[in-house]
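Chemist: no sequence on this one, just coordinates:
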Ligand SMILES: *[C@@H]1O[C@H](CO)[C@@H](O)[C@H](O)[C@H]1NC(C)=O
Ligand SMILES: *[C@@H]1O[C@H](CO)[C@@H](O)[C@H](O)[C@H]1NC(C)=O
Ligand SMILES: *[C@@H]1O[C@H](CO)[C@@H](O)[C@H](O)[C@H]1NC(C)=O
């Protein structure tokens, strides 16, 4: 399938006041992040603003925030590995733990590389207490390897929204009943990494990573957080404070403009939705019946 080109005009209409609160991080990489592994595969531009993660046959690389956050707006601009990147996965995610512990909460963006000229797919997933399996896959309406685009998460006690350049591509709602699907208790670190996943990522593992094309490099800039740092004194991280725009009524559901964008995404870009995969889930999981439109 080719890139979707008929981007509707309303994508150009952005909300003004709602979004102005996010502020870029000041200070150096070291103030807010640490390298998780393979320091020699991590480079920054001379001014320190752009970060490059590289993958070769030896290893990939990753970084994480030093702080944990509970609720907020998390955003970063990413330019993905270009050319033939089949098998390569660039991940950008939040997780309550440093490892893949059995009780972790997690919010994932994964970018699955492809053969040259073939569209990239983004996969999103949500874990609660170690249970994931909630994948959705979308195509993008642009080539994410040509330029930086922003990928963001809005997270409060009412909804979790995945944004690509301010277009909501996935809405994952809490329900008003106690449930086992909405991650809202555990603070999370933010991570990014690049790794080889040619056992599954591209056409179910049929397309293997071509190491002659290595190193594969993904680049990052403009990380911004407007959220609640877990260390902040109580009750800053409680979802009922009135100080934070991301916790206010307007951020509990999509705006009218966002609903239009989201409807367009639903019609044109969804490649896979676990809620509709009846082979895998003969009875759709509970969260699939919570309407994203409410
Ligand atoms: C980044 O680190 C600085 C220095 O430790 C700190 O003041 C700031 O709050 C941190 N930013 C975030 C978003 O955690
Ligand atoms: C989380 O999962 C573990 C098993 O991995 C289980 O023992 C525990 O009860 C679960 N906690 C909640 C709050 O559901
Ligand atoms: C790669 O390109 C093929 C052919 O267009 C497409 O079917 C597939 O969804 C793309 N993405 C991945 C991750 O395989």
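Modeler: Yes, it's here. Being a predicted model, the structure only gives us computed values, none of them experimental. Ligands and ions are numbered 1, 2, ... in the order given.
Chemist: that's a strand at residue 209, yeah?
Modeler: No: using DSSP: H, G, I helix; E, B strand; the rest coil, the secondary structure at residue 209 is coil, not a strand.
Chemist: Measure how buried the nearest residue to it once chain neighbours are set aside is and give me the count.
Modeler: Counting by Cβ to Cβ, 6 or more residues apart in numbering, residue 87 is the residue found nearest to residue 209 once chain neighbours are left out, at 3.3 Å. Using the backbone N, CA and C atoms, a C-beta is placed for each residue, glycine as well. Counted by other Cβ atoms under 10 Å, the residues lying close to residue 87 total 27.
Chemist: got a list of what residue 87 touches?
Modeler: With contact set as Cβ atoms under 8 Å, 6 or more residues apart in numbering, residue 87 has these partners: 113, 196-198, 201-202, 207-210.
Chemist: Contact residues of the stretch 51-200 of the chain facing ligand 2?
Modeler: 102-103, 129-130, 180 (Cβ under 6 Å from any ligand atom).
Chemist: Repeat the analysis, applying 8 Å as the threshold.
Modeler: 102-103, 129-131, 180 (Cβ under 8 Å from any ligand atom).
Chemist: Which pLDDT value belongs to residue 94?
Modeler: At residue 94, the model reports a pLDDT of 96.
Chemist: Distance of the nearest residue to it once chain neighbours are set aside relative to ligand 2?
Modeler: Closest residue to residue 94 apart from its sequence neighbours, by Cβ to Cβ, 6+ apart: residue 188 at 4.0 Å. For residue 188, the distance to ligand 2 equals 16 Å [Cβ to the nearest ligand atom, to the nearest Å].
Chemist: going forward can the numbers begin at 802, since that is how I track them
Modeler: With the count now opening at 802, the last piece we talked about shows up as residue 989.
Chemist: before we move on, what SS does the residue in the stretch 952-1095 of the chain that ligand 2 sits nearest to have?
Modeler: At 6.0 Å from ligand 2, residue 981 is the closest residue in the stretch 952-1095 of the chain, using Cβ to the nearest ligand atom. Following three-state DSSP, residue 981 is assigned to coil.
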